[in-house]
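Engineer: take a look and give me a structure for this.
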Amino acid sequence: MSLRLRLTLVAATVVAVVVAAASTTTYFVMRHELYSQVDSTISQHAGNIQHNPDFALRGFNAFVGDYTTLVGSDGQHAGPLPVDPAVRRVAVGKANGFYRDTRIQGYSLREIVVPVPGVGAAIVGRDIGYLHHDLGRLRLILLLVSLGGIAVAALAGALVSRATLAPVRRLTAAAERISETGDPSERVPEGGRGELSRLGTSFNTMLAALEEAIETQRRFVADASHELRTPLTSLQTNIEVLKQQERLDPDARQRLFDDLQREAHEMRDLIGGLLELARGDDPGLAQTTFRLDELVESVVERARARFPDLTFDMGLEPTTLTGASERLERAVWNLLENAGKWSTPGSSVDVSLSGGELRVRDHGPGIAPEDREHVFDRFYRSAAARSLPGSGLGLAIVREVAEAHGGTVVAEEAPGGGAMLRLRLANS
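Structural biologist: Just a heads-up that it's a prediction; the model follows:
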């Protein structure tokens, strides 16, 4: 059963219950009112007879149309109305007066039986056939009104549910088309107000995020394929040459092995960088609380061994951080490796940590203004960097790690020359 049909049925059911309750109440209120009017009239007539029994025998009076019968205490009676034991008990003083509905010779009567002092009892009856007719018409009218109300409610419910669920139908259609085509570029209209409008907005936001993720994945695969093609081609060429090593002199053979080793290292670094980027902000990575200053200090010691010709000066403030320590260690290493790569032998690299911000400053040529906005892009390599080893992924990984920890990383020109890279982490 569709949601639209369920809403229509709910609306019709609610209206049916309300209309049925209102109609039933109206009917019984009107019935009580009509019976009260009849009872009041015949009660007044009976009261006159109690005061003057001869009133029952008068031919013309204000109660013409009523039937009257006098019943003596001895059981004798005069009048057209039948007498039964209940009336006789009233006549002999053993019961009180009462009202009742009777049917005599096809006529419906409303009767009142009252005691009459010195006589016995009196019965006053009135034909209420017109009252039953009026109540029958009232029942028919209320039934028709109820059915009409239910029909109108069902129609209105169908129209309202159709208009209300239009955004849901659009969302469903869009989801089905995306499932068929695999293209998340489609959007649904966001007009209107309320929860369904917000649902459309959220759906479009989800589609935009999905489209961006797919585009990022496509771009990542394309860039990775492009970057892997060059070292693979070089490896293949060197391997082909190596097959003819007997024709090579020892120096050429050694250069070939050195090239193969360098290219293998580049491939390893490139694949490692790709894997690091592919991990992204994986929520499955372990989150721990650790001392960031101690992590930076250990990475600086590794950098000193990697770049023995450089001096690494540290100024580290005790800092506690909650995050993925392995990824932070990789990001810090990439910053130091970048500084070491661009520094001239004998120069220094300044590493400082304070206020939740890590600053790495080298004394190399610096970063050209036109390159600063792109150095954190994947596979980006400036003109000056193309002659140096590297994959163009190091600083991209730094930005990925920073954003995964709610932070930022920027590149600036250092006072006096060189480059200054600032890594700020939000939860440190």
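
Engineer: now the strand ranked longest in the chain, how far from the centre of its chain.
Structural biologist: Across the chain, the longest stretch assigned as strand under DSSP state E is strand 107-116. Mean-position distance between strand 107-116 and its chain equals 69 Å (Cα atoms, centre = their mean, to the nearest Å).

Engineer: now do stretch 109-117
Structural biologist: The chain centroid and the centroid of stretch 109-117 are separated by 71 Å, computed with Cα atoms, centre = their mean.

Engineer: what's around Leu292, how many residues?
Structural biologist: The number of residues packed near Leu292 is 22, by other Cβ atoms under 10 Å. All C-beta atoms are positioned from the backbone trio N, CA, C, and that covers glycine.

Engineer: so who does it touch?
Structural biologist: Contact analysis of Leu292 by Cβ atoms under 8 Å, 6 or more residues apart in numbering lists Thr319, Thr320, Leu321, Leu328, Leu353, Leu358, Leu425, Ser428.

Engineer: for the first one, which residues are in contact?
Structural biologist: It stands for Thr319. Arg291, Leu292, Asp293, Leu353, Gly356, Ser428.

Engineer: tell me which of those is nearest to His32?
Structural biologist: Among the contacts of Thr319, Ser428 lies closest to His32 (Cβ to Cβ), at 80.7 Å.

Engineer: can you pull the pLDDT of the closest one?
Structural biologist: Here, the pLDDT recorded for Ser428 equals 61.

Engineer: again, but for Arg386
Structural biologist: Predicted confidence (pLDDT) for Arg386: 52.

Engineer: for Thr102, same thing?
Structural biologist: With respect to pLDDT, Thr102 scores 91.

Engineer: tell me how many other residues crowd the residue nearest to it when sequence neighbours are not counted.
Structural biologist: Spatial nearest neighbour of Thr102, excluding adjacent residues (Cβ to Cβ, 6 or more residues apart in numbering): Leu109 at 5.0 Å. Other residues near Leu109 come to 21 when the count uses other Cβ under 10 Å.

Engineer: just checking, Leu109 touches Val124?
Structural biologist: No. Using Cβ atoms under 8 Å, Leu109 is not in contact with Val124, being 9.8 Å away.

Engineer: can you list residues touching both of those two?
Structural biologist: Tyr67.

Engineer: tell me where the stretch 1-150 of the chain has helices.
Structural biologist: 3-51, 85-91, 129-164 (DSSP state H, counting those that start in this stretch).

Engineer: need the winner for burial among those helices.
Structural biologist: helix 85-91 (a mean of 17; mean count of other Cβ atoms under 10 Å).

Engineer: hang on, the earlier thing: among the contacts of Leu292, which ones are buried?
Structural biologist: Buried members of those, scored by 16 or more other Cβ atoms under 10 Å, are Thr319, Leu321, Leu328, Leu353, Leu358, Leu425, Ser428.

Engineer: so which of those is the closest to Asp309?
Structural biologist: Among the buried ones among the contacts of Leu292, Leu358 lies closest to Asp309 (Cβ to Cβ), at 23.1 Å.

Engineer: domain-wise, how is the protein divided?
Structural biologist: Using automatic domain parsing, the domain parsing of the chain gives 3-159, 195-277, 283-424.

Engineer: single out the most deeply packed of those domains.
Structural biologist: Sort the domains of the chain by mean neighbour count, taking mean count of other Cβ under 10 Å, and domain 283-424 sits at the top with a mean of 17.

Engineer: what's near enough to touch Glu186?
Structural biologist: Ala174, Arg177, Ile178, Leu207.

Engineer: then Gln287?
Structural biologist: Counted by Cβ under 8 Å, 6+ apart, Gln287 has contacts Thr322, Gly323, Ala324.

Engineer: related to what we said a few turns ago, distance to Leu135 and secondary structure for the buried ones among the contacts of Leu292 - can I get that in TSV?
Structural biologist: Below are those laid out as TSV (distance: Cβ to Cβ, whole Å; DSSP: H, G, I helix; E, B strand; the rest coil):
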residue	distance to Leu135	secondary structure
Thr319	89	coil
Leu321	85	strand
Leu328	87	helix
Leu353	93	strand
Leu358	91	strand
Leu425	84	coil
Ser428	84	coil
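
Engineer: lowest pLDDT pick from those?
Structural biologist: Ser428 (61).

Engineer: please name the strands paired to the strand or helix carrying Arg422 in the sheet, noting orientation.
Structural biologist: Following DSSP states H and E, one finds Arg422 within strand 419-424. With DSSP bridges as the test, strand 419-424 is paired with strand 357-361 (antiparallel), strand 408-413 (antiparallel).

Engineer: Leu321 touches Leu425, doesn't it?
Structural biologist: Yes. Counting by Cβ under 8 Å, Leu321 touches Leu425, with 6.2 Å between them.

Engineer: what sits in contact with each of the two?
Structural biologist: By Cβ under 8 Å, 6+ apart, the residues touching both Leu321 and Leu425 are Leu292, His405.
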